[in-house]
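> Sequence and predicted structure are below.
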Amino acid sequence: MSTRRLALFDLDHTLLPLDSDYQWADYLARTGRAGDPEQARRRNDDLMERYNQGELTAEQAAEFMLGLLAAHSPVDLAAWHEAFMAEVIRPAMQARPLALVAEHLAAGDLCAVVTATNSFVTAPIARAFGIPHLIATDAEYRHGRYTGRIDGTPSFKAGKVLRVNQWLAAQQLSLSDFAESFFYSDSTNDIPLLEVVTRPIATNPSPSLRQTALERGWQVLDMFDHLEDHKS
């Protein structure tokens with residue numbers, strides 16, 4: 001077995017004290033880029049609530065979130081995302097998560113963000129943390145536009161395990177090739193991936209994941225000074 005280690009990080013409420021998907025939709029809504037602002041914000045809040053209750057499928061989330069991408073040109077989306085990074089994401093990046101990532105990178109660990117949020121929203125955020133690899137829900141892109149549909153398997157619940165295994169296989173690797181494999185997550189949605197690594201770490205966990213971690217003897221890590229939005 002190799003002495004190399006694998007470090008996987010969920011993003012929302014794990015490395016960030018907010019939900020980037022929710023905040024991106026909110027940013028588009030309040031800047032008038034998602035149709036009627038109040039209607040868009042109500043839809044966004046409803047999706048967040050259903051996610052919190054474990055009642056939301058990846059396809060249901062994508063219908064709204066990826067629809068926001070399909071409604072605009074990639075040129076406009078890229079410009080808006082730069083402003084979103086400056087106004088919302090970078091001010092929310094806190095010292096302890098940045099230090100945790102830096103520690104894994106300095107140790108030579110293979111590091112990746114593994115998130116259900118789509119890759120358009122999260123690729124610049126992963127880069128901002130210095131994490132070289134991203135496994136996210138991919139937005140289908142055809143003929144120079146986003147279509148509003150998911151491309152391939154969503155990086156959500158058990159889909160995260162499948163996507164991680166596919167990513168490793170493309171490098172002629174598997175989870176068993178690593179001396180240690182870490183996964184940091186806040187959500188019970190990520191229990192399938194937490195169960196297959198050697199070091200599951202409940203990070204800023206929701207109450208239900210905190211309880212599961214205590215029952216299973218998993219490490220619990222709290223890193224945030226405050227939360228920017230609310231997610232159970």
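Thanks, I have the structure now. Numbering: from 1, shown residues only.

> okay, now Asp26: neighbour count?
Asp26 has 22 neighbouring residues, counting by other C-beta atoms under 10 Å. Where C-beta positions appear, they are placed from N, C-alpha and C, glycine not excepted.

> err, Glu59, not the other one
Glu59, neighbours per other C-beta under 10 Å, totals 12.

> does it really touch Gly148, like I thought?
No. Using C-beta atoms under 8 Å, Glu59 makes no contact with Gly148, being 11.2 Å away.

> What are the boundaries of the strands in the protein?
5-9, 110-118, 133-142, 145-151, 180-185, 199-203, 219-221 (DSSP state E).

> Nearest residue to the middle of this protein?
By C-alpha atoms, centre = their mean, the chain has its centre lying nearest to Thr115, at 2.9 Å.

> So what does the closest residue to it other than its chain neighbours have for phi and psi?
Once flanking residues are discounted, Thr115 sits nearest to Leu11: 4.1 Å by C-beta to C-beta, 6 or more residues apart in numbering. The phi/psi pair for Leu11 (degrees, to the nearest 10) reads phi -110, psi -60.

> Ala128 versus Leu11, what's the distance?
As judged by C-beta to C-beta, to the nearest Å, Leu11 and Ala128 stand 11 Å apart.

> again, but for Arg149
In terms of C-beta to C-beta, Arg149 sits 27 Å off from Ala128.

> Report the contact partners of the residue nearest to the centre of the chain.
Contacts for Thr115 were tallied using C-beta atoms under 8 Å, 6 or more residues apart in numbering; they are 10-12, 122, 134-137, 155.

> Just the pLDDT for it.
Thr115 is assigned 98 on the pLDDT scale.

> right, so of the strands of the chain, which gets closest to Arg96?
Of all the strands of the chain, it is strand 219-221 that lies closest to Arg96, at 9.0 Å by C-beta to C-beta.

> which residues are contacting the closest one?
So strand 219-221 is contacted by 184, 199-205, 210, 213-214 (C-beta under 8 Å, 6+ apart).

> How many neighbouring residues does Gly159 have?
18.

> next one: Thr57
Thr57 has 13 nearby residues by other C-beta under 10 Å.

> Who does His133 form a beta bridge with?
Ala112 (DSSP bridges).

> Check the one 4 residues further on too.
As for beta bridges, Thr137 partners with Asn118 under DSSP bridges.

> what residues are up against it?
Contacts of Thr137 by C-beta under 8 Å, 6+ apart are 58, 62, 115-119, 150, 154-156.

> what about this protein, any weak spots by pLDDT?
1-2, 226-232 (pLDDT under 70).

> Name the residue in Leu11 and Ala128 with the higher neighbour count.
Each of Leu11 and Ala128 has its neighbours counted (other C-beta under 10 Å); Leu11 has more, 28 against 15.

> any idea how far Phe96 is from Gln23?
Careful, residue 96 is Arg and not Phe. Arg96 is 20 Å from Gln23, by C-beta to C-beta.

> more neighbours, these two?
With neighbours defined as other C-beta under 10 Å, Arg96 and Gln23 compare such that Gln23 has more, 22 against 14.

> can I assume the more buried one is in contact with Val88?
Yes. Gln23 is within contact range of Val88, at 5.3 Å (criterion: C-beta under 8 Å).

> Apart from its chain neighbours, what residue comes closest to Arg43?
Arg43 sits nearest to Phe64 (C-beta to C-beta, 6+ apart), 5.8 Å away.

> scratch that, Asn44
Per C-beta to C-beta, 6+ apart, closest to Asn44 is Ala25, 4.5 Å.

> If anything else comes up later, I'll come back, but that's it for now.
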